[in-house]
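A.B. asks: Please find the sequence and the predicted model below.
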Amino acid sequence: MVQEDQKSKLLIVDDIPSNIQILAEAMRNDYQIVFATTGQEAIKIANADQSPDLILLDIMLPDIDGYAVCHQLKNNHRTREIPVIFITAKSDETDETKGFACGGVDYIIKPFSIPIVKARVQTHIELKKKRDMLENMTVRLEQLNQMKNKFLGIAAHDLRSPLGSIRGFSRLLIDELSGKLSEDHKEFLDIVYKQSKHMLALVNDLLDVAVIESGKLDLRIQKDSLVDMVQNRIRLFQHKFNEKQIHISLHSDTIPEIGFDRTRMAQVMDNLLSNAIKFSPPNSKIIVKILDIDGKIQVDVIDQGHGIPIEHQPHIFGTFQKFRNKQSDGEKSTGLGLSIVKRIIEAHKGSIHVMSEKGKGTTMSLILPVEKVCIEDQPIIVQ
């Protein structure tokens, strides 16, 4: 036999003691039984520390009716998840409709059949158990996700400094010992440099993912020139354009200064420009457009690369999404860049879209609203 403290608790609410007695006798072997004869008493019991798992509620009560009781329970965060089954002599269709409208999960008309009442109570008790289990699992998963983000942040932070040193010293050795190294030694140092560079990029992206997923992305919105920022990022990438003999051009409308986080938006442009270079063939063109369209600022990065297959396009902003492309010259990707870009743009209350056709290049378009500028250096915590 199930122990008393392991049984689900059933609250029976009726102003006629004989009705309570009949239901209690039928249910006592399977449930803990508590009862109330008024609406206010039922509400008080429902709000107790050990609230009932289900309520059998009559409509006609001496103080407030069952509809009012149910309405109060459903508007209270402590009691709104308790399933309520109306059990009443009111058999009119409008009464039944009203019972469901105020939050009841079932409606049983007197005189009732005990087997039917027991079956319906059992069904809704089981549904509540599964719902409670799902809610507990959701809370636990959220806790585990926060632990994962914290671990990623700590691990990535601790790895960034030594990886930066490895990359820096390997680059120094390559430059300082140029002409003094054997081909094998030069190849080994090149591998160390490229791998450490890729690992450092991954660590930086993991740090961003940890920050974004933990809901602690700080944006420092200031009034600034988006055009100036884009021009600056293009200049910083000029050596990469030259390496692949890619012609870069910038076309801009007259754009007013708007509020944005310059550091984060520079990160967005760096990612879009880097991808455009990576997937563009030598001697091609990349066009950047900054347009004022219907009070919103649109930035297009247009390349003449191989394009993104239509089946991949819905997934390119997902986390850890990587797609092979023969034009990338073997450059590695963390699979996190565009996911981070999307979250940064959305944190600015903007959006990002891709337009691509196989063999005809790709256009990445980000759209930013023109909004009121926040107080200088005042961080916005993006949840």
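C.D. replies: Sure, I can see it. Residues are numbered from 1 along each chain as shown.
A.B. asks: Could you break this protein into its assigned domains?
C.D. replies: What the record gives for the chain is the domain set 4-112, 144-213, 217-382, from automatic domain parsing.
A.B. asks: Check those domains for me: which has the lowest mean pLDDT.
C.D. replies: Least confidently modelled of these is domain 144-213, at a mean of 78 by mean pLDDT.
A.B. asks: thinking again about what came up before, take the domains of the chain and write them to JSON lines, including mean neighbour count.
C.D. replies: Backbone N, C-alpha and C define where each C-beta goes, glycine included. Shown next, in JSON lines, are these (neighbours: other CB atoms under 10 Å):
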{"stretch": "domain 4-112", "mean neighbour count": "17"}
{"stretch": "domain 144-213", "mean neighbour count": "15"}
{"stretch": "domain 217-382", "mean neighbour count": "16"}
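A.B. asks: would you turn the ones you listed into TSV with distance to Glu126?
C.D. replies: Shown next, in TSV, are these (distance: least, CB to CB, whole Å):
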stretch	distance to Glu126
domain 4-112	9
domain 144-213	27
domain 217-382	36
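A.B. asks: wait, Lys74 sits on Gly103?
C.D. replies: Yes - at 3.8 Å, Lys74 counts as touching Gly103 under the criterion of CB atoms under 8 Å.
A.B. asks: which residues are in contact with both of those two?
C.D. replies: Residues touching both Lys74 and Gly103 (CB atoms under 8 Å, 6 or more residues apart in numbering): Arg80, Val84.
A.B. asks: For His157, see how far away Phe169 is.
C.D. replies: Distance of Phe169 to His157, computed by CB to CB, to the nearest Å: 20 Å.
A.B. asks: let me redo that: Gly179
C.D. replies: Gly179 sits at a distance of 38 Å from His157 (criterion: CB to CB).
A.B. asks: for Asn283, same thing?
C.D. replies: Applying CB to CB to Asn283 and His157 gives a distance of 41 Å.
A.B. asks: and if you look at Val341?
C.D. replies: Distance of Val341 to His157, computed by CB to CB: 22 Å.
A.B. asks: Show me where the stretch 151-300 of the chain has its helices.
C.D. replies: 183-213, 226-236, 238-243, 262-278 (DSSP state H, counting those that start in this stretch).
A.B. asks: send the alpha carbons of the second one over as CSV?
C.D. replies: The one in question is helix 226-236. Output of helix 226-236 as CSV, limited to C-alpha atoms (Å, rounded to 0.1, in the frame of the first residue of the first chain):
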residue,chain,number,x,y,z
LEU,A,226,28.5,53.8,-38.6
VAL,A,227,30.2,54.9,-41.9
ASP,A,228,33.4,55.8,-40.1
MET,A,229,33.4,52.5,-38.3
VAL,A,230,32.9,50.5,-41.5
GLN,A,231,35.6,52.5,-43.3
ASN,A,232,38.0,51.8,-40.4
ARG,A,233,37.4,48.0,-40.6
ILE,A,234,37.9,48.0,-44.3
ARG,A,235,41.3,49.7,-43.9
LEU,A,236,42.3,47.1,-41.4
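A.B. asks: Next, the angle from it to helix 262-278.
C.D. replies: 50 degrees (axes from the mean of the first three to the mean of the last three CA atoms, to 10 degrees).
A.B. asks: ok now helix 226-236, how far from the chain's centre?
C.D. replies: In terms of CA atoms, centre = their mean, to the nearest Å, the centre of helix 226-236 is found 30 Å from the chain centre.
A.B. asks: Apart from its neighbours in sequence, what residue is nearest Lys44?
C.D. replies: Excluding its sequence neighbours, the residue lying closest to Lys44 (CB to CB, 6 or more residues apart in numbering) is Ala36, at 7.9 Å.
A.B. asks: my guess is the one you found contacts Pro17, does it?
C.D. replies: No - using CB under 8 Å, Ala36 is not in contact with Pro17; the gap is 11.5 Å.
A.B. asks: Report the contact partners of the residue nearest to Ile174 when sequence neighbours are not counted.
C.D. replies: Of all residues not flanking Ile174 in the chain, Leu189 sits nearest, at 5.2 Å (CB to CB, 6+ apart). For Leu189, the contact set (CB under 8 Å, 6+ apart) comprises Ser170, Leu173, Ile174, Leu181.
A.B. asks: Ser252 now?
C.D. replies: Contact analysis of Ser252 by CB under 8 Å, 6+ apart lists Val227, Val230, Lys289, Ile290, Leu291.
A.B. asks: And the residues you listed, which is closest to Ser196?
C.D. replies: Using CB to CB, Val230 is the member of these that lies nearest Ser196, at 29.3 Å.
A.B. asks: hang on, that closest one packs against Asp270?
C.D. replies: No - contact criterion CB under 8 Å: Val230 and Asp270 do not qualify, at 10.7 Å.
A.B. asks: shared neighbours of the two, which are they?
C.D. replies: Here Val230 and Asp270 have no joint contacts, going by CB under 8 Å, 6+ apart.
A.B. asks: Would you list the phi and psi of Ile308?
C.D. replies: phi -110, psi 120 (degrees, to the nearest 10).
A.B. asks: residues contacting it?
C.D. replies: Residues near Ile308 by CB under 8 Å, 6+ apart: Ile316, Phe323, Val354, Ser356, Lys358, Thr362.
A.B. asks: Is the fifth one in a helix, a strand, or coil?
C.D. replies: Secondary structure, DSSP: H, G, I helix; E, B strand; the rest coil: Lys358 is coil.
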